[in-house]
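Pasted the sequence and its predicted model underneath.
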Amino acid sequence: MTLLDNVGEPLLVNGMRQPPGARRSASPNCCGWSGCGPSSCTAFRMPSAAASASASASPARSRPIPACVVADEPVSALDVSVQAQVLNLLLDLQSRLRLTFIFVAHDLSVVRHICDRVAVMYVGQLVELAPTEARLRAPAPSLYRGADARRPGTRSARCRASDTILKGEVPSPAAPPSGCYFHPRCRFAEDRCRREPPQLREVSPDHFARCHFAEQLSPLQGA
């Protein structure tokens, strides 16, 4: 399958039946959006090249123009230099086509680069939701600090590695712990955490967290 075929296929998948040749005439426009020249449109993807596969798939996901694009780890297998190219491409498409991205990632440096808001998940639950910069400056308790500690350059100077490395294993979603799902790994857990599931609530303006004691566990405590 050529890059041109790959980009044009979503037109058929989404039921956009067009006159003969119309799909092929529309596809080069999409290739242009991705920065590919006319000569690249007839090139075949290299199955063994993760960078080529991810970069060539990006324009395909953006045609026909959707309201929302789910990008699940789109750059995790790429070299840093190629990551930057693909992320800048996504930002350009977002601005040009007014797209909304749901961007799934574990690398907080990538999240900071592309996301306006960040949501933290744990054992299938949404446990924190906040604007990206606010969340990275002042994350809620232990679980979310532990996520920061796994990535270089994301911890504040006051948050030491010994405070943030999480102990234990992630529980099975099929048999989660009682109360707060995170309590077996939280050094601040109390009896209430073991008995009562916390609700996702606003703990500061536009910052939501699923923790009984989020207000008390300030960032200065290394929570």
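Right, received. Where do you want to start?

quick check: mean pLDDT across stretch 2-17?
Averaged over stretch 2-17, pLDDT sits at 67.

same thing with stretch 135-147?
For stretch 135-147, the mean confidence score works out to 61.

again, but for stretch 114-129
What stretch 114-129 shows for mean pLDDT is 92.

can you tell me which helix in this structure is longest?
Counting by DSSP state H, the longest helix found in the chain is helix 80-97.

Buried residues, that helix. List them.
Within helix 80-97, the residues that qualify as buried are 82, 83, 85, 86, 87, 89, 90, 93, counting by 16 or more other C-beta atoms under 10 Å. Where C-beta positions appear, they are placed from N, C-alpha and C, glycine not excepted.

My read is that the last one contacts residue 101, right?
Read that as residue 93. No: at 9.1 Å, residue 93 and residue 101 do not qualify as touching, with contact defined as C-beta atoms under 8 Å.

follow-up on the earlier one: what is the subsequent helix or strand relative to the longest helix of the chain?
The element immediately downstream of helix 80-97 (helix or strand, assigned by DSSP states H and E) is strand 100-104.

The helix or strand that that following strand is followed by packs against which elements?
Where DSSP H and E defines the elements, the next helix or strand beyond strand 100-104 is helix 108-114. If contacts are counted by 3 or more C-beta pairs under 8 Å, 6 or more residues apart in numbering; DSSP states H and E, helix 108-114 sits against helix 80-97, strand 100-104, helix 132-137.

unless I'm mixing things up, residue 86 is touching residue 77, no?
No: taking C-beta under 8 Å as the definition, residue 86 is not a contact partner of residue 77, at 10.7 Å.

avg pLDDT for the longest helix of the chain?
Here the average pLDDT along helix 80-97 is 86.

what's the domain layout of this structure?
The record's domain split for the chain, according to automatic domain parsing, is 3-104, 117-221.

Excluding chain neighbours, what is closest to residue 105?
Nearest residue to residue 105 in three dimensions, chain neighbours excluded: residue 111, at 5.5 Å (C-beta to C-beta, 6 or more residues apart in numbering).
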